[in-house]
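S.K.: Structure for the following, please:
(chains A and B)
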Amino acid sequence: MSQTRGNVWVFVEQEAGVVANVSLELISKARELADRLQVKVEAVLLGNDVAKVAPQLFAYGCDKVLLAEDPRLEPFTVMPFARVIMKLILERHPNILLFGATLKGRELAPRVASEKRAGLTADCTDLQIDDFEDKKNGKSYTDKLMQIRPAFGGNIIATIVNTWDDPQMVTVRPGVMKLGTPDFDRQGEIERIPVELDAAETVVKVIERVRADKEVDLQGAQIIVAGGYGVGSKANFQLIRDLAAALGGEVGASRAAVDAGWISHDYQIGQTGVTVRPRLYIACGISGAIQHRAGMADSKKIIAINTDAGAPIFSCADYGIVGDLNTVIPAMIKAFKAKH
Amino acid sequence: MNQRILVFVKQVPDTQNISGDAMTPEGTVNRAALPAIFNPEDLNALELALQLKERYGAEVIVATMGMPAAAEVLRQSLYRGADRAVLITDRALAGADTLATSYTLSCCVKALGKIDLVLCGRQAIDGDTAQVGPQIAEKLKYPQLCYVEEVRELSADSITVRRAIEGGYEVLSSPLPALLTVVDANEPRPMNAKRIMKYKRAATKSELAKKFPETADAEAEKLLAQNLLIDERNAASIGAEPDRIGFPGSPTKVKQVMSVVLTAGEVKQIAPTEEGISLLIHELISDHTLG
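M.R.: Residues are numbered from 1 along each chain as shown, chains lettered A, B, ... in the order given. Sure, this is the predicted structure:
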């Protein structure tokens, strides 16, 4: 029987031939969705000299790589990428198209969705397949993509459905979809896609590009010690570093601590920073605004240290210590060293 | 050089303070139940436009799509230095998702004649989607320059900006017209006292109709003569097709909305004493949370 539904596509983001973690997370999720819908997972890979990453994409569950290689696709500029992807959509009609909610994904996906006149949901934190009854219009839909996202500054969780023609497009927050276990024996197919661009699509020129890898990989960390405004000063942030170093963890921060200039934005956890789910999260002097909790509430275990017993952080904590971090943290370091 | 810069701004509910009855049964927002503020990154976009006006000379037009009350953010833009303001308001625009919204705003750009530069905040704090800017650019077939931190240079037919990328920045050049989305990288100026005196009477026709039920037209004539009439338009007057705006023009539907509740789960209280902390560390080592 021939397949009646389009495939699940993942836009693969890469920088200098290194695939973004979120793209691998999305391939893992796409595999799950595609198995449920009995369709294939296809990766859309654009760049120059990037074919070498295909085996990694197969390992995480991709069946086929649609590969567009061209010098004009490196470095990333949005209009040429949108053109290549748009052409592929019109030719092949994918059912679902996933992008990482990164800076690139969040400027590329809307450009494509606008031209296709497709729905697009930003910053999803969960995706499921389910039926949908549109009571307002008296229509029902089967096996649609449930696009689940926080909205309203994280105060509500909305489930969005795209009722128009495919593709169902979303951007997905990095760090929220579970990375599958790679199987490097898994094989797949590479199909080369010709790149045709109009002059009008290459008018934006990159004059200078400065980037460095992030100072810290919080998404991969198993133990995170995070400091907030309650730490009190830049100098006192050393306490947070000391505890992280003693426990073998990484340092994180709330937005308030970053805004105060005590630590760089690379360390920020929450809605406008990174989403993490370590084995242990220790929140020190963090009140726990909903925007912060959105980025860490799925941690396996959470310890909250705060002088204010009414701080919202305690509502998502497993262990609450109402006390002064200036005495609690040294006591923790001492206790840990004593047991080791 | 006298370029025309259009800044799109949005009046948004203050999402830091939401009560449960602020949502309608359809899952859309009852904006009336929340304090309304100027979307923060739109203030950064306006600031950038006003700086360009000072550096190069330009006309700064501010426009918003929203309820009649959204005229307030237009007035606040005039207080800061905008030259004129446009309100797009129409019941038919209700329920618009980002696709329908960007279509409507692209119609507004076309209706305003020659525009060299369109500026938007990166995203609005009610939806946090960051989709409307790029989608307006696509509808107009303009280049889009997203996450702009500063404008390095503006000429008659091109612009050079510095913008954020993952882990750094990029300097991009683009021909005009172009659309920029602006991030929180400048300090929006405060409202100017003299301009407040001048523009506090600025109003839309709807506002005048409410305030002066009998003499609204005459009042509008007076304001127009003093350049204080906020240009109010509906969907038809910007040439927007009915099936591409509001609910009919929106492919995405809200299936369900759930409030995030503080799940007061089992919190184990640990005494802030050496003994209490020692027991906690012991427990975490025993269950292999700490290695």
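
S.K.: Would you mind measuring from residue A:284 to residue A:240?
M.R.: 6 Å (Cβ to Cβ, to the nearest Å). (C-beta placed from N, C-alpha, C; glycine too.)

S.K.: Name the residues of the stretch 1-150 of chain A found near chain B, please.
M.R.: By the criterion of Cβ under 8 Å from any Cβ of the partner chain, the positions of the stretch 1-150 of chain A lying close to chain B are A:15, A:75, A:77-79, A:82, A:102-104, A:106-107, A:109-111, A:113-115, A:117-123, A:132, A:134, A:136, A:146-147, A:150.

S.K.: Neighbour count says what about those residues? Which are buried?
M.R.: For the residues of the stretch 1-150 of chain A next to chain B, a burial check counting by 16 or more other Cβ atoms under 10 Å in any protein chain shown picks out A:15, A:77-79, A:82, A:102-104, A:106-107, A:109-111, A:113-115, A:118-123, A:132, A:146-147, A:150.

S.K.: Look at the residue in the stretch 51-200 of chain B positioned nearest to chain A and say how many residues are nearby.
M.R.: Chain A sits closest to residue B:168 of the stretch 51-200 of chain B, with a gap of 3.2 Å, by Cβ to the nearest Cβ. The local packing of residue B:168 (other Cβ atoms under 10 Å in any protein chain shown) involves 11 other residues.

S.K.: For residue B:149, see how far away it is.
M.R.: Computed with Cβ to Cβ, the distance linking residue B:168 and residue B:149 is 11 Å.

S.K.: Check what pLDDT whichever residue of the stretch 201-340 of chain A sits closest to chain B gets.
M.R.: Sorted by distance to chain B under Cβ to the nearest Cβ, the residues of the stretch 201-340 of chain A start with residue A:323, at 2.7 Å. The confidence metric pLDDT takes the value 94 at residue A:323.

S.K.: just checking, it touches residue A:307?
M.R.: Yes - using Cβ atoms under 8 Å, residue A:323 and residue A:307 qualify as a contacting pair, with a distance of 6.7 Å.

S.K.: Next, the contact list for residue B:108, please.
M.R.: Going by Cβ atoms under 8 Å, 6 or more residues apart in numbering or on different chains, residue B:108 touches B:63, B:65, B:86, B:88, B:233, B:238.

S.K.: That one is in what secondary structure piece?
M.R.: Under the criterion of DSSP states H and E, residue B:108 resides in helix B:98-111.

S.K.: hey, where'd the helices end up in chain B?
M.R.: According to DSSP state H, chain B carries its helices in the segments B:40-56, B:71-80, B:98-111, B:132-140, B:193-199, B:205-211, B:216-225, B:274-286.

S.K.: Mark out where each domain of chain A begins and ends.
M.R.: According to automatic domain parsing, chain A comprises the domains A:8-202, A:218-339.

S.K.: Please convert those to JSON lines, extending it with distance to residue B:190.
M.R.: Conversion of the domains of chain A to JSON lines gives the following (distance: least, Cβ to Cβ, whole Å):
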{"stretch": "domain A:8-202", "distance to residue B:190": "24"}
{"stretch": "domain A:218-339", "distance to residue B:190": "20"}
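
S.K.: What residue, apart from its backbone neighbours, is nearest the residue of the stretch 151-291 of chain B found nearest chain A spatially?
M.R.: Distances from the stretch 151-291 of chain B to chain A, computed as Cβ to the nearest Cβ, single out residue B:272 as the nearest residue at 2.7 Å. In space, residue B:272 comes closest to residue A:323 once its chain neighbours are excluded; the distance is 2.7 Å by Cβ to Cβ, 6 or more residues apart in numbering or on different chains.

S.K.: burial count for the one you found?
M.R.: Using other Cβ under 10 Å, residue A:323 has 20 neighbouring residues.

S.K.: where do the strands sit along the stretch 151-291 of chain B?
M.R.: Listed from the start of the chain, the stretch 151-291 of chain B has strands (DSSP state E, counting those that start in this stretch) covering B:158-165, B:168-175, B:178-182, B:231-233, B:252-259, B:268-270.

S.K.: Reformat those strands as TSV; add mean pLDDT and distance to residue A:163.
M.R.: TSV is the format used below for the strands of the stretch 151-291 of chain B (pLDDT from 0 to 100; distance: least, Cβ to Cβ, whole Å):
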stretch	mean pLDDT	distance to residue A:163
strand B:158-165	97	34
strand B:168-175	96	35
strand B:178-182	98	27
strand B:231-233	97	29
strand B:252-259	86	5
strand B:268-270	91	46
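
S.K.: Looking at those strands, which one is packed in the most?
M.R.: Greatest average neighbour count among the strands of the stretch 151-291 of chain B goes to strand B:178-182 (a mean of 27), per mean count of other Cβ atoms under 10 Å in any protein chain shown.

S.K.: which intervals of chain B have sub-threshold pLDDT?
M.R.: Residues of chain B meeting the criterion pLDDT under 70: B:1, B:16-32, B:260-265.

S.K.: switch to 90 and redo it
M.R.: Scanning chain B with the threshold set as pLDDT under 90 gives B:1-2, B:13-35, B:125-128, B:166-167, B:256-267, B:286-288, B:290-291.
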